[in-house]
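Trainee: Provide a 3D model corresponding to the input given below.
(chains A and B)
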2 protein chains.
Amino acid sequence: MKPKIIRTIAELRHEINHYRLNAGTIKSTVGFVPTMGYLHEGHASLLRRSAADNGLTVLSIFVNPLQFGPNEDLDKYPRDEEHDIRIASQAGTDLIFIPEVKEMYPQRNVTEVTVEEITDRLCGSSRPGHFNGVATVVTKLFNIVQPNRAYFGLKDAQQIAVISRMVRDLNIPVEIVPCPTIRENDGLALSSRNVFLGQEERRQALVLSRTLSKVTDWIAGGMTAPQLIAQIAEEIRREPLADIDYADVLNYPDLSLLPSQLPLQQASGSLIIALAVRFGKTRLIDNRLLIPVEVGEY
Amino acid sequence: MKPKIIRTIAELRHEINHYRLNAGTIKSTVGFVPTMGYLHEGHASLLRRSAADNGLTVLSIFVNPLQFGPNEDLDKYPRDEEHDIRIASQAGTDLIFIPEVKEMYPQRNVTEVTVEEITDRLCGSSRPGHFNGVATVVTKLFNIVQPNRAYFGLKDAQQIAVISRMVRDLNIPVEIVPCPTIRENDGLALSSRNVFLGQEERRQALVLSRTLSKVTDWIAGGMTAPQLIAQIAEEIRREPLADIDYADVLNYPDLSLLPSQLPLQQASGSLIIALAVRFGKTRLIDNRLLIPVEVGEY
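Mentor: So this is what the prediction gives:
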């Protein structure tokens, strides 16, 4: 069935209430996938997962001005509503919420949700204010949709860490479901921003996934965090167009620093190796999570 | 029926869910009265109103450390659980949620809800951080209780303004119901802190309500905001124990300044005359709202 396109908060609430009142008790849960649109297979995988888990799947498409810095790519962020509706439809979406900025922020927003500490590093430090914008809009969307579960891709691992912590701290009654990063066949993590890459940039960007695939060997070789970071940076700099924003290894999900003398193979909890690298004007992120059991990673 | 005493979030959610699932559709709404305990007739009036409006009334008693400054009266804030349960019971309360601090803040709280502008003046400026603490704990409590309506006393008029704005900005699905200030027969606004007043302080504290009762005459006489503030200050200073923290007249509910040349009787919207005055170690607040129709005030 074709998903219903909804542009106002009032109509969305009405549709969801109507569903809840009529669904009965079998699988009457609501799954939610908040996005900025320009959907790719990564988003589709979240929607399919939600459709499998829940009776109703809601997708939101909203390029949130609050999470973009003054010199970032808000204006040129790619948009294609028709394409998005087609992808969402094939992935089992029931409702697509596409609000205008005026609908989400009818007046100057004086209320913000701020998350400290966990936003000190990685994208939190290179994009000041970004995660407060994310936390605020996600809180708004959660209050509008009131989903039972919300689905996020692990490519944005820090975003998941921030939202999970916010949900816990504020007692928000939503289950956060982290889902695996989806990649092209050659390893490039899917991102709406990949469309901006020139042919040579696209080729060199493979250094991210290639580097991440080597970290387990390097760690097995006994490297500490500073050694691993240096090794990663050296590897990435082999590609002349790569301009490193950050490359770091941290505890996950609290994103705290590791003792600099500790061989990483002796770390007791989960680790994240996180990269943000510019190719021309396009900033790409990628990461790998290592969990401390045989399985090794998500 | 005696209200049920609940000390954990999980049990409270369970009780409320159980109610919602079994209430059917007639008056199945949940009313919520968040307090810091030491209940008086003001709180009781909120509870009775909630019990009249809703099928289930939930009271929370939680002295929230986050909204107290380092030199404020957190430790000596009055508590009397037995007395509170008796008052709540007589006022038609169904569930009383009395969490420990550890239950509400099991780990360091890194997430805060902040509200700007509207918190710049009055208690916002004399108690820095206070309203962020209020906004954060109210957000948590709303997420735990998920009430249809929440009841607040207009004695804390700025608190209502802040919470109403937060609810609108964050799309929180709760109706905020402002309720009139309850006073002693001699005019003193009820407050849990009144218990700290010595006999002479208690007598002199009547200057607050007495002064507020005169403002309509002064405004009718053509006063501007600075003139009214000066007149109020003069009146209050006649009581030797009165130490003014602030006395102000502002637009309500946005708490913006009025043009200093404007006779207040020509103001187009609602006004608040707000006072905070210390008597010895006890800080009291009181206010009067003027709405621009014949009725004159709430």
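Trainee: Alpha carbons of the helix or strand containing A:L250, as PDB, please.
Mentor: Following DSSP states H and E, one finds A:L250 within strand A:242-252. C-alpha atoms of strand A:242-252 as PDB (Å, rounded to 0.1, in the frame of the first residue of the first chain):
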ATOM      1  CA  ALA A 242      41.900  13.200   2.000                       C
ATOM      2  CA  ASP A 243      41.800  16.000   4.600                       C
ATOM      3  CA  ILE A 244      41.400  14.500   8.100                       C
ATOM      4  CA  ASP A 245      38.900  16.300  10.300                       C
ATOM      5  CA  TYR A 246      39.300  13.700  13.100                       C
ATOM      6  CA  ALA A 247      40.500  10.100  13.600                       C
ATOM      7  CA  ASP A 248      40.000   8.800  17.000                       C
ATOM      8  CA  VAL A 249      39.600   5.700  19.200                       C
ATOM      9  CA  LEU A 250      37.300   6.000  22.200                       C
ATOM     10  CA  ASN A 251      35.300   3.900  24.700                       C
ATOM     11  CA  TYR A 252      31.800   3.300  23.400                       C
END
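Trainee: Tell me the strands beside the helix or strand that that strand is followed by, with direction?
Mentor: Towards the C-terminus, the helix or strand next in line after strand A:242-252, according to DSSP H and E, is strand A:270-279. Strand A:270-279 has the following strand partners under DSSP bridges: strand A:242-252 (antiparallel), strand A:282-290 (antiparallel).
Trainee: Now strand A:270-279: average pLDDT?
Mentor: Averaged across strand A:270-279, the pLDDT comes to 98.
Trainee: Quick check: buried residues in it?
Mentor: A:270-277, A:279 (16 or more other C-beta atoms under 10 Å in any protein chain shown). (Glycine included, C-beta is placed from N, CA and C.)
Trainee: hang on, the earlier thing: let me have the strands paired with strand A:270-279 in TSV, adding mean pLDDT as columns.
Mentor: Converted to TSV, the strands paired with strand A:270-279 look like this (pLDDT from 0 to 100):
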stretch	mean pLDDT
strand A:242-252	97
strand A:282-290	97
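Trainee: Strands along the stretch 1-150 of chain A, start to end?
Mentor: A:4-6, A:30-35, A:56-61, A:95-97, A:111-115, A:149-153 (DSSP state E, counting those that start in this stretch).
Trainee: I'd say A:A51 and A:Q90 touch.
Mentor: No - using C-beta atoms under 8 Å, A:A51 is not in contact with A:Q90, being 10.6 Å away.
Trainee: quick one: low-confidence ranges for the stretch 101-250 of chain A?
Mentor: Across the stretch 101-250 of chain A, nothing is flagged by pLDDT under 70.
Trainee: Surely A:G92 touches A:R48?
Mentor: Yes - with contact defined as C-beta under 8 Å, A:G92 reaches A:R48; the gap is 6.0 Å.
Trainee: ok, and the closest non-adjacent residue to A:L47?
Mentor: A:A91 (3.6 Å; C-beta to C-beta, 6 or more residues apart in numbering or on different chains).
Trainee: now the one you found: how far from A:E41?
Mentor: 9 Å (C-beta to C-beta, to the nearest Å).
Trainee: of these two, who's got more company?
Mentor: Remark: of A:A91 and A:E41, A:A91 carries more neighbours, 22 against 13, as counted by other C-beta atoms under 10 Å in any protein chain shown.
Trainee: what sits against that one?
Mentor: Going by C-beta atoms under 8 Å, 6 or more residues apart in numbering or on different chains, A:A91 touches A:43-44, A:47-48, A:51.
Trainee: Report the contact partners of the nearest residue to A:A205 once chain neighbours are set aside.
Mentor: Computed as C-beta to C-beta, 6+ apart, the closest residue to A:A205 that is not its neighbour in sequence is A:F279, at 5.3 Å. The contact partners of A:F279, taken as C-beta under 8 Å, 6+ apart, are A:197, A:201-202, A:204-205, A:241-243.
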